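Novice: give the three-dimensional model of this entry:
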Amino acid sequence: MEENGGGQQLVAAENGGGHDGAREATCLSMKMDDGSRESHRYYLSRRTALEMLKDRGYTIPSSEIQLSLSEFRETHGQKPDVDRLRFSATHSADPSKRVLVIFCGPGVVKVTSIRNIAGQIVNKDTLSGVLLIVENNITGQALKAINLFSFKVEIFQITDLLVNITKHVLKPKHQVLTDRQKKNLLKKFNIEEKQLPRMLQSDAIARYYGLQRGQVVKVTFSSGEITQLHVTYRCVW
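Specialist: Now for the predicted structure:
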């Protein structure tokens, strides 16, 4: 679904606005400063995780996001303890939704690691999801153990969070539509959900916003080379 200029038309579109996040993340992680590379990586990934949850509607204090690298190091040191980095957040519109962010160490994540994490989680009944930030591979047995949890577990590599992809200069603006907005969109163009261009759940933007199948995203492209905005809609598949 696209809107371009004064007219509107339904067309098939592929997911655009790609980014070279891995290369940029590597550059950032290797950036030289007065402190350790380790603390810098944890600082960047933690900040992105905070921004990500705020964009999902969770209550995140601005002071946490605006924390400087030096302030982070004053609190956590040059070799941060991953257990002290974990934090939880409650959804602003639905207080029953609580998510926990857990950082894993640099080693391979094994089934014993998952069992240890499960044993440390308190108030599991009030938990709706966990974001697991890892630095290494996860064994097959560990993945099976994660699937046994009663809540949703999202796994991110720390290198994926060194840069907030939604702030990338080449990335178009994404807006997640509400159910009502989606209904109005389909009615406006007299189409069905399956006729919308698709975005895979594995897409970086879909993962950032934690999107589920059937949700629709409005994508707005802007460029100095054109005079008008270009808008398209994609349905998560």
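Novice: CA only for contacts and neighbour counts going forward, please
Specialist: OK.
Novice: show me where pLDDT drops low in this protein?
Specialist: The chain contains residues with pLDDT under 70 at 1-33, 223-227.
Novice: now do the SS call for the residue positioned nearest the centre of the chain.
Specialist: In the chain, the residue lying closest to the centroid (C-alpha atoms, centre = their mean) is Y208, at 2.2 Å. Recorded secondary structure, Y208: helix (DSSP: H, G, I helix; E, B strand; the rest coil).
Novice: next one: V101
Specialist: Per three-state DSSP, V101 ends up strand.
Novice: who does the closest residue to F87 other than its chain neighbours bridge with?
Specialist: Leaving aside its sequence neighbours, F87 sits nearest to V101 (C-alpha to C-alpha, 6 or more residues apart in numbering; 5.4 Å). Here V101 shows beta-bridge partners F87, L131, assigned using DSSP bridges.
Novice: how far away is the residue nearest to the centre of the chain from A145?
Specialist: 23 Å (C-alpha to C-alpha, to the nearest Å).
Novice: still on that earlier bit, and the residue nearest to F87, what is it in contact with?
Specialist: V101 makes contact with 49, 86-88, 130-133 under the criterion C-alpha atoms under 8 Å, 6 or more residues apart in numbering.
Novice: any idea which of the residues you listed has the most stuff around it?
Specialist: I133 (24 neighbours; other C-alpha atoms under 10 Å).
Novice: that residue belongs to a strand?
Specialist: Yes - counting by three-state DSSP, I133 is found in a strand.
Novice: so it makes contact with V153?
Specialist: No - assessed by C-alpha atoms under 8 Å, I133 is found out of contact with V153, at 10.4 Å.
Novice: check the offset of stretch 57-65 from the chain's centre.
Specialist: 15 Å (C-alpha atoms, centre = their mean, to the nearest Å).
Novice: could you dump it to PDB, C-alpha only?
Specialist: Extracted as PDB, the C-alpha positions of stretch 57-65 are listed here (Å, rounded to 0.1, in the frame of the first residue of the first chain):
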ATOM      1  CA  GLY A  57       5.100   2.000  25.000                       C
ATOM      2  CA  TYR A  58       6.800   1.100  28.200                       C
ATOM      3  CA  THR A  59       7.500   3.600  30.900                       C
ATOM      4  CA  ILE A  60      11.200   4.500  30.700                       C
ATOM      5  CA  PRO A  61      12.700   7.500  32.600                       C
ATOM      6  CA  SER A  62      14.300   9.900  30.300                       C
ATOM      7  CA  SER A  63      17.200  10.200  32.700                       C
ATOM      8  CA  GLU A  64      18.100   6.500  32.100                       C
ATOM      9  CA  ILE A  65      18.200   7.000  28.300                       C
END
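Novice: neighbours of the closest residue to N136 other than its chain neighbours, how many?
Specialist: Spatial nearest neighbour of N136, chain neighbours left out: V108 (5.2 Å); criterion: C-alpha to C-alpha, 6+ apart. Neighbour count for V108, taken as other C-alpha under 10 Å: 15.
Novice: would you enumerate the residues in contact with V108?
Specialist: 135-139.
Novice: so which of the residues you listed is the closest to Q175?
Specialist: Of all the contacts of V108, Q175 sits closest to E135, with 29.5 Å by C-alpha to C-alpha.
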